[in-house]
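Asks: Here is the input, now give the coordinates:
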Amino acid sequence: MRLSRFIFRALTLFGVIGSINAQADAQQHIQAESRAASTIPTLSVAPDRAVWIWTGELYGTPASIGQRAFRKTLPQGRSRATCVTFAISCVEAYTVAVNGVALGTQTMHPNTPTGLILDVYSVSLSREINVISVVGNNKDALALLFVTGVVQYADGSEIAFGTDTSWLTAGPFVPPPPTFAEIGFDDSKWPHAVVVTTPTVTPLVIPPFTGTVCGLSDKTGADHGNGHDGPLTIPLPTVCPSLPPFTDGSRSLYWDLRHQADCEIRRLEEALHRCQREKQSLIDQLIIIIRGLGGGDDFCQLVHCGASTFTQTQHLRTTSDSSPPTPN
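Replies: Next up is the predicted model:
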């Protein structure tokens with residue numbers, strides 16, 4: 001026993017034990033970081049995890065139209081944060097950044113007019129303090145922002161966060177400040193976001209994550225384009241692909257496709273023609289009403305009347321000029 005204590009003290013004196021402990025701590029730290037970044041954490045859309053927010057204007061009114069800036073300092077744990085994974089949706093579009101590095105810009109998914117399908121991002125973190133920032137944008141008075149996420153730490157722990165009244169906003173009618181996404185930006189005078197309770201937008205859908213876990217970077221200069229390892233906006237082709245020509249004596253494999261496309265084009269042309277006729281009919285009725293109220297001809301110039309409206313206006317003018325005077 002005395003010999004063991006002597007050896008331990010000697011090794012401690014020469015720094016051997018300290019070196020071994022330091023190596024063990026470093027190895028544990030590396031393993032924890034690897035473990036934290038190996039799987040995507042579970043994201044929840046439950047109301048106790050995240051809610052829809054905006055800046056306090058009456059929902060569904062023109063006052064809520066336009067851009068809004070939001071910030072949230074991510075929760076700190078017992079050890080350094082290594083990764084944040086979050087899902088986001090905004091009616092109608094958003095730009096999101098972590099620690100001042102833009103990750104992506106996205107509009108609502110097609111066929112989901114209420115933004116029910118969320119976009120998922122997973123970002124490696126390199127700072128002691130971490131901030132997520134969002135510019136939400138809408139143009140139809142239906143203004144909503146929703147974020148639910150999980151921060152992972154070096155010791156393997158996790159802390160969930162989501163949109164709620166702890167988020168800060170520049171407020172309504174305030175353009176997003178140029179540097180508001182930076183960690184050191186002073187948001188001490190910003191008001192808190194407001195929870196939007198009506199209408200209740202459910203259910204929200206978090207799709208399977210197809211990117212790289214912790215694949216995005218918060219380091220300055222990182223170029224994520226429109227969200228590499230996250231959602232991408234796929235541009236439409238500028239040139240349509242050519243189809244194989246028809247073969248004499250046989251029907252092309254693409255005959256049905258061409259026939260369907262031609263049919264859809266004819267339906268669209270017919271619908272457009274009907275819309276134009278209805279528009280012209282409404283203008284003609286307005287001309288009759290306005291002329292009856294003593295209005296001038298400048299209305300016709302304002303709405304760019306067509307030939308039929310011009311004829312109608314001329315007819316009204318002729319009728320008006322030839323009508324007998326009203327007896328006193």
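
Asks: Which helix or strand contains the closest residue to residue 42 other than its chain neighbours?
Replies: If you skip the residues right next to it in sequence, residue 42 has residue 150 as its closest partner in space, 7.3 Å away by Cβ to Cβ, 6 or more residues apart in numbering. Placement of C-beta: from N, CA and C, glycine included. Element membership of residue 150 [criterion: DSSP states H and E] is strand 144-153.

Asks: for the stretch 1-150 of the chain, what are the low-confidence residue spans?
Replies: Under the criterion of pLDDT under 70, the regions of the stretch 1-150 of the chain flagged as low confidence span 1-38, 60, 107-115, 141.

Asks: got the residue ranges for the helices in it?
Replies: All helices of the stretch 1-150 of the chain, identified by DSSP state H, counting those that start in this stretch, fall at 2-13, 16-36.

Asks: And the stretch 151-300 of the chain, by the same measure?
Replies: 255-292, 298-302.

Asks: what's the neighbour count on residue 92?
Replies: 17 (other Cβ atoms under 10 Å).

Asks: Surely it touches residue 140?
Replies: Yes. Contact criterion Cβ atoms under 8 Å: residue 92 and residue 140 qualify, at 6.9 Å.

Asks: domain ranges for this protein?
Replies: 53-217, 255-321 (automatic domain parsing).

Asks: so residue 219 touches residue 101, yeah?
Replies: Yes. With contacts counted by Cβ under 8 Å, residue 219 reaches residue 101, the gap being 7.0 Å.

Asks: Which one's more surrounded, those two?
Replies: Each of residue 219 and residue 101 has its neighbours counted (other Cβ under 10 Å); residue 101 has more, 18 against 12.

Asks: what's the distance between that one and residue 183?
Replies: Taking Cβ to Cβ, to the nearest Å as the measure, residue 101 and residue 183 are separated by 10 Å.

Asks: go on, residue 166?
Replies: Counting by Cβ to Cβ, the gap from residue 166 to residue 183 is 17 Å.

Asks: one step back: could you dump the helices of the stretch 151-300 of the chain to a markdown table with mean neighbour count?
Replies: Supplementary listing: these in a markdown table, determined by neighbours: other Cβ atoms under 10 Å:
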| stretch | mean neighbour count |
| --- | --- |
| helix 255-292 | 12 |
| helix 298-302 | 12 |
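
Asks: where along the stretch 101-250 of the chain do the strands fall?
Replies: Assigned strands in the stretch 101-250 of the chain, in chain order: 101-107, 119-124, 131-138, 144-153, 158-162, 168-169, 194-195, 216-217 (criterion: DSSP state E, counting those that start in this stretch).

Asks: so which of those strands comes closest to residue 293?
Replies: Counting by Cβ to Cβ, residue 293 lies closest to strand 131-138 out of these; the figure is 37.5 Å.

Asks: one step back: with distance to residue 210 added, can I get the strands of the stretch 101-250 of the chain in TSV?
Replies: Converted to TSV, the strands of the stretch 101-250 of the chain look like this (distance: least, Cβ to Cβ, whole Å):
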stretch	distance to residue 210
strand 101-107	14
strand 119-124	9
strand 131-138	21
strand 144-153	18
strand 158-162	22
strand 168-169	31
strand 194-195	31
strand 216-217	13
